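the following comprises the amino acid sequence and a computationally predicted model.
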Amino acid sequence: SQQGEEDPQALSIQEGENATMNCSYKTSINNLQWYRQNSGRGLVHLILIRSNEREKHSGRLRVTLDTSKKSSSLLITASRAADTASYFCATDDYAGGTSYGKLTFGQGTILTVHP
Amino acid sequence: DTAVSQTPKYLVTQMGNDKSIKCEQNLGHDTMYWYKQDSKKFLKIMFSYNNKELIINETVPNRFSPKSPDKAHLNLHINSLELGDSAVYFCASSQRRTGRLGTFGSGTRLTVV
């Protein structure tokens, strides 16, 4: 079954604005990860947040995790045209061990940043 | 030099054919994966190898057979191709202990006609 579900499915903003994408999941997790996929390319790992963390920052990225609501959000501040891509959340729900990269992905949010 | 390279980039073939996709990584990672991305962009793991040992084998038709001759290579062979096999197939590699997918290849777009 699909685990991570992103919302919205598509987001269109102007350069300089902030972009917020949400992800909901169904089972207990070890960690949640966000990836970016540029058109026609593979995924690029952005950030990993563990189940015992609530917030994490990396450059212009801010990720929050609410395990009680089984949800996460990715905030991109001061967006740029180069941020245009699809963004996926993925959950590592292998309880008590290492997933060896067996992640469950959602369908992604398509972000378009207009210059 | 490309870290994870897969070939071919595009593959168009007829139903019933057998085809292979190759993947190589030069990062020294110990784990490699095949993921399938369907037309709705939904990405799902198919296989994972750690040091040439199969560690993840999801519910995939047995027409799909991965082969890892060494830890730097993971190939995917598909027998008797069907229309529903049309998708983008991504190879990826990582270090097992990190629990994250380190590096993806650029994908192979398979179209079965």
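Thanks, I have the structure now. Everything quoted here is computed from the prediction, not taken from an experiment.

next helix or strand past the helix or strand of chain A with the lowest mean pLDDT?
Scoring the helices and strands of chain A by mean pLDDT, DSSP states H and E places strand A:5-7 at the bottom, with a mean of 80. Later in the chain than strand A:5-7, the nearest helix or strand by DSSP states H and E is strand A:10-14.

enumerate the residues of chain B near chain A.
B:4, B:31, B:33, B:40-45, B:48, B:50, B:55-56, B:90, B:92, B:94, B:96-97, B:99-107 (CB under 8 Å from any CB of the partner chain). Yep, even glycine has a C-beta here, placed from its N, CA and C like the rest.

now what about the least confident helix or strand of chain A, what contacts it?
Under the criterion CB atoms under 8 Å, 6 or more residues apart in numbering or on different chains, residues A:21-25, A:87-89, A:106-109 lie in contact with strand A:5-7.

what sits against the residue in chain A that chain B sits nearest to?
With CB to the nearest CB as the measure, A:Gly42 is the residue of chain A nearest to chain B, at 2.8 Å. Contact analysis of A:Gly42 by CB under 8 Å, 6+ apart lists B:4, B:90, B:92, B:103-107.

for these, give me a markdown table that also has neighbour count and pLDDT.
Output for these, formatted as a markdown table (neighbours: other CB atoms under 10 Å in any protein chain shown; pLDDT from 0 to 100):
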| residue | neighbour count | pLDDT |
| --- | --- | --- |
| B:Val4 | 24 | 93 |
| B:Phe90 | 27 | 93 |
| B:Ala92 | 27 | 91 |
| B:Thr103 | 18 | 85 |
| B:Phe104 | 24 | 88 |
| B:Gly105 | 28 | 90 |
| B:Ser106 | 17 | 90 |
| B:Gly107 | 22 | 93 |
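
those in strands, which ones?
B:4, B:90, B:92, B:103-104 (DSSP state E).

where does pLDDT dip in chain B?
Flagging of chain B using pLDDT under 70 yields the residue ranges B:1-2, B:97-101.

before we move on, the earlier item: so which of the contacts of strand A:5-7 is the most crowded?
A:Cys89 (31 neighbours; other CB atoms under 10 Å in any protein chain shown).

so what does the helix or strand harbouring that one touch, helix or strand wise?
Secondary structure assigned from DSSP H and E places A:Cys89 in strand A:85-92. Applying 3 or more CB pairs under 8 Å, 6 or more residues apart in numbering or on different chains; DSSP states H and E, one finds that strand A:85-92 contacts strand A:5-7, strand A:19-24, strand A:31-37, strand A:71-76, strand A:104-105, strand A:109-114.

please consider this matter closed, and thank you.
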